[in-house]
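Engineer: only geometry, no sequence info:
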Ligand SMILES: Nc1ncnc2c1ncn2[C@@H]1O[C@H](COP(=O)(O)OP(=O)(O)OP(=O)(O)O)[C@@H](O)[C@H]1O
C-alpha cells in the first residue's frame, strides 16, 4: 500500500437547479442532498439529463439557475482552481492528449494543487502512484496512453480523478467499458475511499448494491430518491423506464436483486422485424 493522507469528504447540496438549452428545459428544478462521505447514485433513462445535471453541479457546461453548495461554499463563489481542489469530475468520455505516458496523464489531476516551482513534488508523485495502484494500472504507468484498451483508458481516467485528491468525486458512468470484475473492483474502491461519491449509473443492480442513496431522474426532474429499495421501487422503474421489474432476495446475503421481464423473449424467432 502506498501511504497518502486521507481526504476529508465534502458534501454537496443543490436547490432548484435548472438548465435550459436552446430554450428547452433539460434540468427542471432539481433538489439534491449528498451527505459528506456518502455514495449516491444518479439513474435515469437515456436523455433524462444525468450528464447535464452532473456538469451543472460541478460548475461545467451551460449556465444553470438555482444554488449549489460544496460543503458550506457556494459553487459560484469559487475560483476554478479552488473548485478543482474540492471536486473532481470524471466525464463519460474524456479526451486524452495522445502523446502522454499514463503516469503523465494521471499527473494532470495534480494541476489544481501545483505551484510553478513545486511540480513533481514527492506528494504529487505519491498521489499519482497511489491512484494508479488503486485502479490496477501501476504496471502500465510508463506506457503511452495511445496503446491502452477502452477499459484501461477508463481506469486511467478514473486514476486522474482520484489523484486530484478531492473530498467529492463526481463520475459519469464510471463503469463504462469495464469488464465485470473491474466494475466490481472499481465500485468497491470508490466505497472504500471515504470520500463523497456522486455517480451516474445505468446498471440498477450495481447502483442498488453500492449506493447509500439513489436519485432517479426523469425528463429533467427527480422522480424518486432515497435508499435504493425505496427509490428503485417496481412502480418507479415501470414509470421511468417502462419495464416490469421483479425483486428477488438473495437468502445468503439478504440483498435484493432486480430482474426485468424480458419482452424480447415473447417475440418468436424470425419475426423480430414484423
Ligand atoms: N449541448 C447540448 N445541445 C443540445 N442539446 C443537448 C446538449 N447537451 C444535452 N442536450 C440534450 O439534453 C438532454 C439530456 O442529455 P444528457 O446527456 O444530460 O442525458 P443523459 O441522461 O446523461 O443521457 P445518457 O444516459 O444517454 O448518457 C438530451 O435530450 C440531449 O440531447
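Structural biologist: All right, it came through fine. In this text the structure is predicted, and so the values were computed from the model without any measurement.

Engineer: just the helices in the stretch 151-274 of the chain please.
Structural biologist: 180-192, 204-210, 228-231, 234-241 (DSSP state H, counting those that start in this stretch).

Engineer: Make a markdown table out of these and add mean neighbour count.
Structural biologist: Quick note: C-beta positions are derived from backbone N, CA and C, even for glycine. Listed next are the helices of the stretch 151-274 of the chain as a markdown table, based on neighbours: other C-beta atoms under 10 Å:
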| stretch | mean neighbour count |
| --- | --- |
| helix 180-192 | 15 |
| helix 204-210 | 21 |
| helix 228-231 | 17 |
| helix 234-241 | 16 |
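
Engineer: Out of those, the one nearest the ligand is which?
Structural biologist: Between the ligand and the helices of the stretch 151-274 of the chain, the tightest spacing by C-beta to the nearest ligand atom is seen for helix 234-241, at 11.4 Å.

Engineer: helices or strands next to the closest one in the packing?
Structural biologist: Packing contacts for helix 234-241, counted by 3 or more C-beta pairs under 8 Å, 6 or more residues apart in numbering; DSSP states H and E, involve strand 213-218, strand 221-226, strand 245-249.

Engineer: Buried deepest among those strands, which one?
Structural biologist: Sort the helices and strands packed on helix 234-241 by mean neighbour count, taking mean count of other C-beta atoms under 10 Å, and strand 213-218 sits at the top with a mean of 23.

Engineer: And for that one, what's in contact with it?
Structural biologist: If you take C-beta atoms under 8 Å, 6 or more residues apart in numbering as the criterion, strand 213-218 is touched by 30, 32, 34, 38, 40-45, 48-50, 53, 207-208, 222-228, 231-232, 236, 239-240.
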